[in-house]
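S.K.: missing the sequence, but the structure's below:
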């Protein structure tokens, strides 16, 4: 055995060694061959301590993920609702006896005072002689369609428009277009009339409902998104409402008599004049009314 190993063992046996100093230092002339054992946990802790601090916003990532999921679920809910409403059936069978039933929404109801029946003709005479003459000459039971606009009284004198009541609410280009729509629906002047439901015209709402109640038109046609949403008491856009028949109720507050009417929302001629690409859809909707008037 090598001499220095023998001497080291003798010192250890004789307890002459300084046990405070590493035994390996007396065997070898350098101190880097062996070191004090270090645990793996200590190494990891040291590396973490020496690393720069980095904030990880876990909650932001989670929040973003949740937001995206909620948004996706909302879109799916909206899509499913639209498809469900488009089905002709009022219920869907899911199997195993499960059924989804459509909610039967209440018809929107409007009311008016009996006195308005005697006042609405004076209202139109004050605002337009042409419209007053039309309403006074046509008997209530002979009117098929009452068109409802949200326009103010203009009373234009348009030579190219033969039916003067059309020029009461529309500018020339729009009035000419609406006259073409009326002719396409094969409605002569005695079969239809026009009224307004404008927030800019005082008491127009009350007088409109009094006129509907008194004249009993077969169908109501709302022209444009504003008046359609208003009469149906909904926030739905015209794109979702157009081309479908809805029921509304009008009540005489004094007699408590309630009469039900069918309302068809259509594109406004003002809109069609600016967006001619929508005329095809408008014609499809107009044909639905024509089929009921035959």
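M.R.: Right, received. Where do you want to start? A quick note: this is a predicted structure, and the numbers were derived from the prediction, not measured.
S.K.: now the strands: where do they sit in the stretch 51-200 of the chain?
M.R.: In chain order, the stretch 51-200 of the chain shows strands spanning 91-95, 98-101, 109-112, 145-149, 192-196, with DSSP state E, counting those that start in this stretch as the criterion.
S.K.: and the gap between the closest residue to residue 134 other than its chain neighbours and residue 251?
M.R.: Among residues not flanking residue 134 along the chain, residue 165 sits closest, at 4.6 Å (CB to CB, 6 or more residues apart in numbering). C-beta here means a position set from N, CA and C on the backbone, and glycine is covered the same way. Distance check for residue 165 against residue 251: by CB to CB, to the nearest Å, it reads 28 Å.
S.K.: neighbour count: these two, which is higher?
M.R.: residue 165 (19 against 16; other CB atoms under 10 Å).
S.K.: is it true that that one touches residue 129?
M.R.: No - assessed by CB atoms under 8 Å, residue 165 is found out of contact with residue 129, at 10.4 Å.
S.K.: residue 291 is in what secondary structure piece?
M.R.: Under DSSP states H and E, the secondary-structure element containing residue 291 is helix 279-293.
S.K.: now that helix: mean pLDDT?
M.R.: Here helix 279-293 scores 96 as its mean pLDDT.
S.K.: what of stretch 150-160?
M.R.: Mean pLDDT, stretch 150-160: 96.
S.K.: okay, now the unreliable bits of this protein?
M.R.: Counting by pLDDT under 70, the ranges of the chain that qualify are 1-6, 8-66, 77-78, 80-105.
S.K.: where does the record place the domain boundaries for it?
M.R.: 3-50, 58-101, 109-293 (automatic domain parsing).
S.K.: pick the most buried one from these.
M.R.: Per-stretch averages of neighbours, counted by mean count of other CB atoms under 10 Å, single out domain 109-293 among the domains of the chain, with a mean of 17.
S.K.: gap between the two ends of it?
M.R.: Distance between the two ends of domain 109-293: 25 Å, counting by CA to CA, to the nearest Å.
S.K.: one more: stretch 167-178?
M.R.: Between the opening and closing residues of stretch 167-178 there is a gap of 9 Å (CA to CA).
S.K.: do the same with stretch 130-145
M.R.: End-to-end distance (CA to CA), stretch 130-145: 18 Å.
S.K.: what of stretch 194-207?
M.R.: Comparing the first residue of stretch 194-207 with its last one, the separation is 13 Å (CA to CA).
S.K.: so what touches it?
M.R.: Under the criterion CB atoms under 8 Å, 6 or more residues apart in numbering, residues 110, 112-113, 116, 119-120, 123-124, 127, 131, 146-153, 165-166, 168-169, 208, 211, 222, 227, 230-231 lie in contact with stretch 194-207.
S.K.: for residue 175, see how far away residue 162 is.
M.R.: Plainly put, residue 162 is 11 Å away from residue 175 if you go by CB to CB.
S.K.: and residue 259, by the same measure?
M.R.: Taking CB to CB as the measure, residue 259 and residue 175 are separated by 31 Å.
S.K.: so residue 220 bridges to which residues?
M.R.: Taking DSSP bridges, one finds residue 146, residue 263 as the beta-bridge partners of residue 220.
S.K.: quick one, what contacts it?
M.R.: Taking CB under 8 Å, 6+ apart as the definition of contact, the neighbours of residue 220 are 145-146, 148, 212, 231, 248, 261-264.
S.K.: repeat for residue 170
M.R.: Residues counted as contacts of residue 170 (CB under 8 Å, 6+ apart) are 151, 154, 156, 178, 269-270.
S.K.: mind putting the residues you listed into a markdown table with distance to residue 240?
M.R.: What follows is the contacts of residue 170, written out as a markdown table (distance: CB to CB, whole Å):
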| residue | distance to residue 240 |
| --- | --- |
| 151 | 23 |
| 154 | 30 |
| 156 | 33 |
| 178 | 23 |
| 269 | 20 |
| 270 | 20 |
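S.K.: between those residues, which is nearest residue 283?
M.R.: For residue 283, the closest of the contacts of residue 170 turns out to be residue 269, at 12.7 Å, with distances computed as CB to CB.
S.K.: and the closest one, what does it touch?
M.R.: By CB under 8 Å, 6+ apart, the residues touching residue 269 are 170, 174, 177-178, 181, 223.
S.K.: kindly recompute the last result at 10 Å.
M.R.: The neighbourhood of residue 269, defined by CB atoms under 10 Å, 6 or more residues apart in numbering, consists of 147, 149, 166, 169-171, 173-182, 223-224, 282.
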